[in-house]
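S.K.: Sequence first, then the predicted structure, then my questions.
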Amino acid sequence: MRTGLLAAVLLAAPAFGAETASFLDIGVGARGLGMGGAYTALADDASSLYWNPAGLSKLEKREVTASHAEMFESTRHDFLAYAHPTSQGTFAAGLTYLSQGKIDGRDSLGRQTAGYDASDAAVAFGYARKMEFIDLGAAIKYLRSHIAGTEAQGVAVDVGAKRAFERVSVGAALRNLGPGLKYQDQRNDLPLRLALGAAYKFEGGHAAAAEAVNGPRGAGTDASFGGEFQAVSNVFLRAGYTTQTSITGGSGFDAARGLTLGLGFRNAKWSLDYAVLPSGELGRSHRFSFGARF
């Protein structure tokens, strides 16, 4: 099997138990990823549809965002979302697509056979609303996974909440709640994740955040820490650390494997962000995202 498929699995997170659709664990948006993925409490843009749908309630203008990652060989990860605030709340729609291109086939003896394609996709529709003391949001996702001639489809739900206390904000999100995907006669669970985070916004546009993500079905708990510093007007430097990928593919602990770095430009109408992420033995991957508000 080609390393493209292995790369996607490793980047998504280690596989635990009978979980499937690991592409749902691949974060989106270079801003949040540059801060180690500690974004559940900070999310306030269209990428909130992935991190915490309650963050959609913070939007004051219509927003479109797109992110792209060239991972390894021909493996690509793309995310596109649109959010539309109204007097009745914020509505959003998004598409996530992971393509692994052509993968070399092998028989039971390891001999090369005809190649095959593999891809995963999720179409999401979300809604968020500001309440008196808390912001609430939810998203429903249609999932499709394709490997060679086998295909599985399913539905999942994300729910989230955020609360702001002056400069401090806290957030919680339950992601990928659903019955799982069925390949032929076998049904596997989705990567259910519970994320709890907190963030502090400093004067001058700086921020720091931390969060923990637990996989209730045996995936364990990962921690993420990060922040952004507004170096000059509209220009942000970001850094973070995550245990989710710090030991991926390695034999022993290497602190540098969990380090993330990012750079961004943001004004009232548009934003451009970049992040570099650890990927264990596979090196590092690069993420780019663009957002526009109108």
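M.R.: Here it is on my side, so go on.

S.K.: Now do the buried residues in the host helix or strand of A69.
M.R.: A69 is part of strand 63-70 when elements are defined by DSSP states H and E. Residues E63, V64, T65, A66, S67, H68, A69 are the ones in strand 63-70 that count as buried (16 or more other CB atoms under 10 Å). Bear in mind the C-beta positions are built from the backbone N, C-alpha and C, glycine included.

S.K.: Could you dump the residues you listed into a markdown table with distance to A172 and pLDDT added?
M.R.: Formatted as a markdown table, the buried residues of strand 63-70 follow (distance: CB to CB, whole Å; pLDDT from 0 to 100):
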| residue | distance to A172 | pLDDT |
| --- | --- | --- |
| E63 | 23 | 97 |
| V64 | 26 | 98 |
| T65 | 22 | 97 |
| A66 | 27 | 97 |
| S67 | 23 | 95 |
| H68 | 29 | 93 |
| A69 | 26 | 86 |
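
S.K.: which among these gets closest to E132?
M.R.: E63 (24.7 Å; CB to CB).

S.K.: Among the buried residues of strand 63-70, which pair sits farthest apart?
M.R.: So, the buried residues of strand 63-70 by CB to CB: farthest apart are E63 and A69, at 20.3 Å.

S.K.: Identify all contacting residues around whichever helix or strand comes after the strand holding A69.
M.R.: Using DSSP H and E, the next helix or strand after strand 63-70 towards the C-terminus is strand 76-86. By CB atoms under 8 Å, 6 or more residues apart in numbering, the surrounding residues in contact with strand 76-86 are 8, 23, 26, 28-29, 45-50, 56, 59-71, 90-99, 101, 124, 126, 289.

S.K.: What angle do strand 76-86 and the strand holding A69 make with each other?
M.R.: If you take axes from the mean of the first three to the mean of the last three CA atoms, to 10 degrees, strand 63-70 sits at 170 degrees to strand 76-86.

S.K.: so what strands line up beside strand 63-70?
M.R.: strand 76-86 (antiparallel), strand 284-293 (antiparallel) (DSSP bridges).

S.K.: For Y200, which of the ones you listed is the nearest?
M.R.: strand 284-293 (23.1 Å).

S.K.: List the buried residues in that closest one.
M.R.: Neighbour-count burial for strand 284-293 [16+ other CB under 10 Å]: S285, R287, S289, G291, R293.

S.K.: which residues pair with the first one across the strands?
M.R.: What that stands for is S285. Beta-bridge partners of S285, as defined by DSSP bridges: L277.
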